[in-house]
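K.L.:
Predicted structure and sequence below. I'll ask about it afterward.
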Amino acid sequence: MGLWIFAYGSLLSNPGFEYDEKIIGFIKHYRRVFDLACIDHRGTPDFPARTCTLEEEKEAVCWGVAYSVKGGLEKERAILQYLERRECEYDLKVYTDFYREGEDSPTLTGVMLFISTPDEETNKYYLGPASVENMASQIAEATGPCGNNRDYLFHLEKALFDIGHEDSSVIELANEVRKVLGRRKRRICKCGNVACNSMISTTQMYLMGNSQVTQ
């Protein structure tokens, strides 16, 4: 069987390792939440980014991709070490069943994924829930050594679109971030002494979200 890794966040668009097979599907009883702080990639200790983790919910399903890694224990160990460094804010490795669309029985068992403990006392990276508006403001502003927080969100939105299984909560949050960026754009876009109130298309907003905006 080798090693199977479930991707539901940044690993969807940027796994960062060589894999032998990729399967689109879902896991049960988990949903995406943006409750995890990132202080070394998309944020800083002074201004952490909000990144995606999973929260248990009985009737939920979470779509993503399962990556297969074959080639022996040495290769598996090297990839696990890479993932543990990259996913250092996640304090739990979970093994669960993975399903393809339309199948009642698991396609794979023992698929590994990284999640975080939803407890501020035991997990220093746990931010807890917040309103969509507050999360969007934080995501619009946060940036770190690997780029800005909004790119992380927009890339996830696109990756889910590309596999044919969009997440309504991701879309809602991404659209709220676009509103924040739009308000910022109107503030900094001056026509003489008059704010520029020209309309910005959805495509333009997406592109703006994936580029640095002058402060």
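P.N.:
Received it, and whenever you're ready, just let me know what you need. Owing to the predicted nature of the structure, the values given are computational and were not obtained by experimental measurement.
K.L.:
Please count neighbours and contacts with C-alpha atoms only from this point.
P.N.:
Noted.
K.L.:
Any figure for the gap between the nearest residue to R100 once chain neighbours are set aside and A37?
P.N.:
Excluding the flanking residues, the one nearest R100 by Cα to Cα, 6 or more residues apart in numbering is G25, at 4.5 Å. G25 sits 27 Å away from A37, going by Cα to Cα, to the nearest Å.
K.L.:
Look at those two and report which has more neighbours.
P.N.:
Remark: of G25 and A37, A37 carries more neighbours, 24 against 21, as counted by other Cα atoms under 10 Å.
K.L.:
Can you list phi and psi of the residue nearest to R100 for me?
P.N.:
Main-chain torsions, G25, degrees, to the nearest 10: phi -180, psi -160.
K.L.:
cool, and K158?
P.N.:
Torsion angles, degrees, to the nearest 10, at K158: phi -70, psi -40.
K.L.:
That one: how many residues sit nearby?
P.N.:
Look at K158: counted by other Cα under 10 Å, it has 16 neighbours.
K.L.:
now A78
P.N.:
Other residues close to A78 by other Cα under 10 Å number 12.
K.L.:
same check, this time on V177
P.N.:
Counted with other Cα under 10 Å, the neighbours of V177 add up to 27.
K.L.:
any idea how far it is from A37?
P.N.:
Going from V177 to A37 by Cα to Cα gives 17 Å.
K.L.:
mind checking how far the helix or strand that contains L83 is from the chain centre?
P.N.:
Here L83 sits within helix 73-86, counting by DSSP states H and E. Between the centre of helix 73-86 and the centre of its chain there are 20 Å (Cα atoms, centre = their mean, to the nearest Å).
K.L.:
That helix: what's the following helix or strand?
P.N.:
Remark: after helix 73-86, the chain's next helix or strand is strand 92-98, criterion DSSP H and E.
K.L.:
Let me know the angle separating that next one from helix 73-86.
P.N.:
For strand 92-98 against helix 73-86, the angle by axes from the mean of the first three to the mean of the last three Cα atoms, to 10 degrees is 120 degrees.
K.L.:
helix or strand right after strand 92-98?
P.N.:
On the C-terminal side of strand 92-98, the closest following helix or strand by DSSP H and E is strand 108-115.
K.L.:
Now that next one: buried residues?
P.N.:
Neighbour counts using 16 or more other Cα atoms under 10 Å place 111-115 of strand 108-115 among the buried residues.
K.L.:
quick one: that strand to chain centroid distance?
P.N.:
How far strand 108-115 lies from its chain's middle: 17 Å, per Cα atoms, centre = their mean.
K.L.:
that older thread, list of residues touching the helix holding L83?
P.N.:
Helix 73-86 is contacted from outside by 2-3, 17, 69-70, using Cα atoms under 8 Å, 6 or more residues apart in numbering.
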